[in-house]
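Undergrad: could you look at this predicted model? Sequence included:
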Amino acid sequence: MYPLIETIYVQAAIACFAIFLLLQIMFFLRKYWIHSLEKQYSIVDRINALLPQTQCGRCGYAGCRPYAKAMSLGEQVNKCPPGGESTIVNLSLMLNEHKKTLDPAHGEFLQAAVAVIREEECIGCTKCIQACPVDAILGGTKLMHTVIESECTACDLCIEPCPVDCIDLIQLPPLKPLWQSPGTAERGLSGRSFVGGGSL
Amino acid sequence: MKLMRKIFSADKNVSYGRTIPGGIRPRAHKITSLRSRVMATPIPPVLIIPLNQQQGKASRPCVKAGDRVLKYQKIAEAADDSSLNIHAPSSGVVSMIQNHTTININAANQLCIFIETDGIDEEVPIPDTLDWRGMTSEQLLPVISNAGICGMGGAGFPLSKKIDSAIIPDIHTLIINAVECEPFITADQALIREHADEVIQGAQILQHAINAKRCLLAIESDKTDAIEALSNYADRDSIKLLLLDNKYPAGGERQLIQAATGKELPAGHLPAEAGIYVQNAGTVFSIYKAVVENKPCISRVTTLTGEALQTPKNFNALVGTQVSWLFDLCGIDNKTHSKSVAGGSLMGIELMDNSAPISQSTNCLIAGSLSEFPDIMPEQACIRCGYCANACPSGLLPQQLLAYSRCEEDELLAQQGLFDCIECGACSYVCPSSIPLVQYYRSSKERIISARQKKETSQAWQNRFQYHQYRIKKLKDEALSRTSAKPVIDKQQSADDPFSKEQAALEVAAAVARVKAKKGNVIASSAATDGSQSDGEPTA
């Protein structure tokens, strides 16, 4: 009935066209798929997730995300003092770089700390409130200010603008683990050790 | 076991639990502490009451140093649903509130209320007994929650929180846990032997409060004296006995559910989600006291045992009694005493300071000799014998977990189910290389949890920073739109507003002109009269 279609060449051509169409559709869909993936796991976000999010600007950028963006474009990974050693290690692992020591131009490694306002000296100028990147300082004009300790990132940015120098950065005691791995410490020294298996 | 089957062969109120997978059968050291009856201690000269006796937040003290307190008086109140109301165990004067070392695993050095007792034991007036059968569960649950009871099985889960988790879903089974599989602890066994009636009534109260359809009382089958005491009462109501194989750790919550129902709880799910509610026998006894006698929880039955004690026994000890004082009461032999252990020998912790007070979750104190607790053998290499995998009741692979713990491979640890580990210590017990496996897991768990918390806080900081940026931008935009919109508003207003600026300016100008015209007229008239300055001023 249709002798042309029955020839093998035409059939092959139709099959090729069908495969071509399918590939086109897949390519079209793939663009969207990758787009959604990029949205979730873009390199900037992945780098940003490794940063400590103190928003202190010690790296020379306006916050953690701008620094992450700069790192994705080739900035050095050793400019984050609050992150500690582990942040540099994780960043260099992710970005395939050699491990570096912290750049001394940006300060030293920092312990966990919290900003505390000496409340009787506060004059209520609201300058620290404007400087706080995470809105962790409460207060009003000519009213005493105070820091919400649980939200403070110890970024240091409120200390410089204070006209009466009534903000202190108080270092928190380092967290001691309750249970130390027997491989790293002598047993019993941590004060808590299992008796497990002792009574045979 | 055979004997038990013979005794209870015709008894419908007794059922037999399944054997749990894994587990060990350590030699029991129970008989010494079961020789005497449960005794109440004399009132100790000083009581040190820890403000955090459970997993959760510390309570807030509501007395000051120098206050005189009476027995059963509330001295600290719950900060939230994870903390407890704490009541004075005896009358006396609060001498100070300061930090002291305690047994609590989560808060080793914490705030404690020190009470110097006066020995009078003067009580606050106690209200009349309640008729719990006539009360609804809404009336009954606050009574139980306010009595300041925490789970007495050893882990110290606050009862009020546990009850809250049980109200929402439908609980069909209440299991009273009197298994007590640890080789040294006999507190629940001794309690049931002498107070079976109260324990059964407490179980009925709890069953009534959470509307459970059936109630099982799980106990190891070799505790014949306790079973005999229970069997007099168990057939009275809906409470049934569940006899379990004598195996450690059959008393773990998840293992007990598995033994009772044959179902394994999924990881990360509470028993309440499966419609099962597990409570310890000691806790149930405290519930009985709280509801029927209207007395808050101030004491618990604690086992004092170990070869270094001359008279090991179970004490009904007041919360806050110091460990060293209790040891002295039992006649401690300092020559043979080598190690003090709080909790059982397998899951307990070594006490470094015997001045620590006991809390509600302290079920056992062991003054061990060197033969009971020999020095820890040095850790040797894992020989991959696989004994630990056979012993694990959760079906984990302990040697694999050990390898990952040593390498700090946190993701792989989570994949291998580290958080399903109940830290029973069966793997460490059987390990021929004497590797302290559980301690590796504990430290790994702590490391992973702290890393997660760090990540959560940094995420919260990031969210706050983003909101801060959004807020600043919004404020700027608003300010901009205000300045640019202002003249537009003025133009609109000038058309019909009688008090607009332009109108006012016009009126002022007109007024000035009128005044000037008046002045000019006056001047002109005066000039006309004088006739000297006629060309001086032009008229307006």
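TA: Noted; the coordinates are in hand.

Undergrad: residues near the residue in the stretch 151-300 of chain B that chain A sits nearest to, how many?
TA: The minimum distance from the stretch 151-300 of chain B to chain A, using CB to the nearest CB, falls at B:Pro183 (6.4 Å). C-beta coordinates here come from the backbone N, C-alpha and C atoms, glycine included. Neighbour count for B:Pro183, taken as other CB atoms under 10 Å in any protein chain shown: 20.

Undergrad: wait, isn't it in contact with B:Ala28?
TA: Yes: here B:Pro183 reaches B:Ala28: they are 5.1 Å apart, a contact under CB atoms under 8 Å.

Undergrad: which positions in the helix or strand hosting B:Ile176 come out as buried?
TA: Element membership for B:Ile176 (DSSP states H and E) is strand B:173-177. Taking 16 or more other CB atoms under 10 Å in any protein chain shown as the neighbour-count basis, strand B:173-177 is seen to contain the buried residues B:Thr173, B:Leu174, B:Ile175, B:Ile176, B:Asn177.

Undergrad: try stretch B:260-272
TA: Using 16+ other CB under 10 Å as the test for burial, stretch B:260-272 gives B:Ala260, B:Thr261, B:Leu265, B:Pro271, B:Ala272.

Undergrad: residues in contact with it?
TA: Contact with stretch B:260-272 is made by B:17-18, B:165-166, B:168-169, B:171, B:173, B:175, B:216, B:218, B:242, B:253-254, B:257-258, B:274, B:276-278, B:417, B:419-420, as judged by CB atoms under 8 Å, 6 or more residues apart in numbering or on different chains.

Undergrad: about what we covered before: who's in contact with the residue of the stretch 151-300 of chain B closest to chain A?
TA: Applying CB under 8 Å, 6+ apart, we find B:Pro183 in contact with A:Ser199, B:Pro26, B:Arg27, B:Ala28, B:His29, B:Lys30, B:Tyr248, B:Gly344, B:Ser345, B:Leu346.

Undergrad: give me the distance between the fourth one and A:Cys128.
TA: Computed as CB to CB, to the nearest Å, the B:Ala28 to A:Cys128 distance reads 65 Å.

Undergrad: so B:Lys335, which state does it fall into?
TA: Counting by DSSP: H, G, I helix; E, B strand; the rest coil, the backbone at B:Lys335 sits in coil.

Undergrad: how near is it to B:Trp325?
TA: Relative to B:Trp325, B:Lys335 is positioned 20 Å away (CB to CB).

Undergrad: about what we covered before: neighbour-wise, which of B:Ala28 and A:Cys128 wins?
TA: When neighbours are counted by other CB under 10 Å, B:Ala28 and A:Cys128 differ, and A:Cys128 comes out ahead with 24 against 15.

Undergrad: what pLDDT is listed against that one?
TA: Confidence at A:Cys128, expressed as pLDDT, is 91.

Undergrad: how about it, nearest residue that isn't a chain neighbour?
TA: Among residues not flanking A:Cys128 along the chain, A:Cys158 sits closest, at 3.8 Å (CB to CB, 6 or more residues apart in numbering or on different chains).

Undergrad: please apply the same query to B:Thr19.
TA: Among residues not flanking B:Thr19 along the chain, B:Asp245 sits closest, at 4.7 Å (CB to CB, 6+ apart).

Undergrad: domain boundaries for the chain, per the record?
TA: In the absence of a named chain, chain A is used. By the assignment in automatic domain parsing, chain A contains the domains A:3-41, A:44-106, A:113-171.

Undergrad: was after chain B, sorry
TA: Per automatic domain parsing, the structural domains of chain B span B:2-329, B:389-497, B:499-540.

Undergrad: chain center to the longest one, what's the gap?
TA: Read it as domain B:2-329. Centre-to-centre, domain B:2-329 and its host chain are 14 Å apart (CA atoms, centre = their mean, to the nearest Å).

Undergrad: circling back: which among the contacts of B:Pro183 end up buried?
TA: Buried subset of the contacts of B:Pro183 (neighbour count, 16+ other CB under 10 Å): A:Ser199, B:Pro26, B:His29, B:Lys30, B:Tyr248, B:Gly344, B:Ser345, B:Leu346.

Undergrad: out of the residues you listed, which one has the weakest pLDDT?
TA: For the buried ones among the contacts of B:Pro183, the model is least confident at A:Ser199; its pLDDT is 35.

Undergrad: what sits closest to the most centrally placed residue in chain A if chain neighbours are left out?
TA: When CA atoms, centre = their mean is applied to chain A, the residue found nearest the centroid is A:Leu51 (2.8 Å). Nearest residue to A:Leu51, sequence neighbours excluded (CB to CB, 6+ apart): A:Cys64, at 4.3 Å.

Undergrad: burial of the one you found, as a residue count?
TA: With other CB under 10 Å as criterion, A:Cys64 counts 29.

Undergrad: tell me which residue is most central in chain B.
TA: Nearest to the mean C-alpha position of chain B, by CA atoms, centre = their mean, lies B:Gln55 at 2.9 Å.

Undergrad: mind checking the longest helix of chain A?
TA: Ranked by residue count, the top helix of chain A under DSSP state H comes out as helix A:8-41.

Undergrad: quick check: which helices or strands does that one pack against?
TA: Applying 3 or more CB pairs under 8 Å, 6 or more residues apart in numbering or on different chains; DSSP states H and E, one finds that helix A:8-41 contacts helix A:3-6.
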